[in-house]
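1. my questions concern the predicted model and sequence given below.
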Amino acid sequence: MRGVAPPHICLATLCAAFVATKATTVEWLGGNTVPLTPGQLGQQSSADYWSKGAYSASLVTATSDYIGVQFKVTTNAQLMLGLSNGNSELGGTTDIDFEIYPHATHPSSHYLYAKNGPSGGNYDWTGGPDFWAGGEADTFQIKLNDARDAVEYYRNGQKVHTASTAPTLPLLVDASLADGGAYDIQWIKAEPKASTNTTSLTNTSTITTTSTTTQAA
């Protein structure tokens, strides 16, 4: 039928929409939370305080589609989740290089921390209840900048901090839990680079009109 594309032809706009909506749930390569569910982490018991964790199967590299991770946390969350160059301590808190640390049971209020860098670096940014009131409405993101030489922290799409220590690639998603849990743990994909299409029109035809006037003698 005229005007209808054959089913095997992928139109540009439809293909782009399909790629943009592909699932990006973080899959775990290892961990000791029960169950170990893709895109989720839950604490089992208060007796497991800072002993449960997991790390991802995929990596963020200099050329990967993935540039970071985003997630939500439960109202009682006390956990660390972020990006790390390797995983040397399952469930441990010191080997996560760049992390967001929601602390629901801080003595004065709900707090949010962002880590400076690897090797047990300091938390060089702290946000109070204005940045996380303890609810589940917020989405947190940790991702590389466009140049992939710095780690940025976001809350609900707004940047709140840039780590002062440069990352060492590759990075995996790494997490440690004391209480509560995290869910909707998704990879952040790099924005596709815009392509420029140039159309050149070349006119090689020359039209010459000759007018001849004949005058009678």
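-> That came in fine, so what should we check first?

2. residue contacts, residue 154?
-> Under the criterion of C-beta atoms under 8 Å, 6 or more residues apart in numbering, the neighbours of residue 154 are 70, 140-143, 160. C-beta here means a position set from N, CA and C on the backbone, and glycine is covered the same way.

3. which residues does the closest residue to residue 41 other than its chain neighbours contact?
-> Using C-beta to C-beta, 6 or more residues apart in numbering and skipping residues adjacent in sequence, the residue nearest residue 41 is residue 182, 4.7 Å away. By C-beta under 8 Å, 6+ apart, the contact list for residue 182 reads 40-41, 71-74, 77, 79, 81, 175.

4. try it again at 7 Å.
-> 41, 71-73, 77, 79, 81, 175 (C-beta atoms under 7 Å, 6 or more residues apart in numbering).

5. how about CSV for the residues you listed, with pLDDT, distance to residue 89 and secondary structure added?
-> Formatted as CSV, the contacts of residue 182 follow (pLDDT from 0 to 100; distance: C-beta to C-beta, whole Å; DSSP: H, G, I helix; E, B strand; the rest coil):
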residue, pLDDT, distance to residue 89, secondary structure
41, 92, 16, strand
71, 95, 20, strand
72, 95, 25, strand
73, 93, 21, strand
77, 87, 20, coil
79, 88, 15, strand
81, 92, 15, strand
175, 93, 12, strand
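
6. mind picking the two most distant members of those?
-> Using C-beta to C-beta, those span at most 13.2 Å, a distance reached by 72 and 175.

7. which of those two has more residues huddled nearby?
-> residue 175 (28 against 18; other C-beta atoms under 10 Å).

8. distance check, residue 68 against residue 54.
-> Going from residue 68 to residue 54 by C-beta to C-beta, to the nearest Å gives 17 Å.

9. which residues of the protein fall in strands?
-> Listed in chain order, the strands found in the chain under DSSP state E are 28-31, 41-42, 52-56, 66-73, 78-84, 98-103, 111-114, 125-127, 140-144, 151-155, 158-162, 172-179, 181-189.

10. closest one to residue 90 among these?
-> Nearest to residue 90, of those and by C-beta to C-beta, is strand 52-56 at 5.4 Å.

11. who's in contact with the closest one?
-> 26-33, 36, 41, 43-44, 87, 90-91, 172-177.

12. now with 8 Å, please.
-> With C-beta under 8 Å, 6+ apart, strand 52-56 has contacts from 26-33, 36, 41, 43-44, 69, 84, 87, 90-92, 172-177.

13. what about residue 42, neighbour count?
-> 17.

14. shouldn't it be in contact with residue 31?
-> No - at 11.1 Å, residue 42 does not count as touching residue 31 under the criterion of C-beta atoms under 8 Å.

15. what sits against the nearest residue to residue 69 once chain neighbours are set aside?
-> Residue nearest to residue 69 in three dimensions, not counting chain neighbours: residue 173, with 4.9 Å by C-beta to C-beta, 6+ apart. Counting by C-beta under 8 Å, 6+ apart, residue 173 makes contact with 26, 55-56, 69, 81-84, 185.

16. next one: residue 20, what pLDDT does it get?
-> Among the per-residue scores, residue 20 shows a pLDDT of 37.
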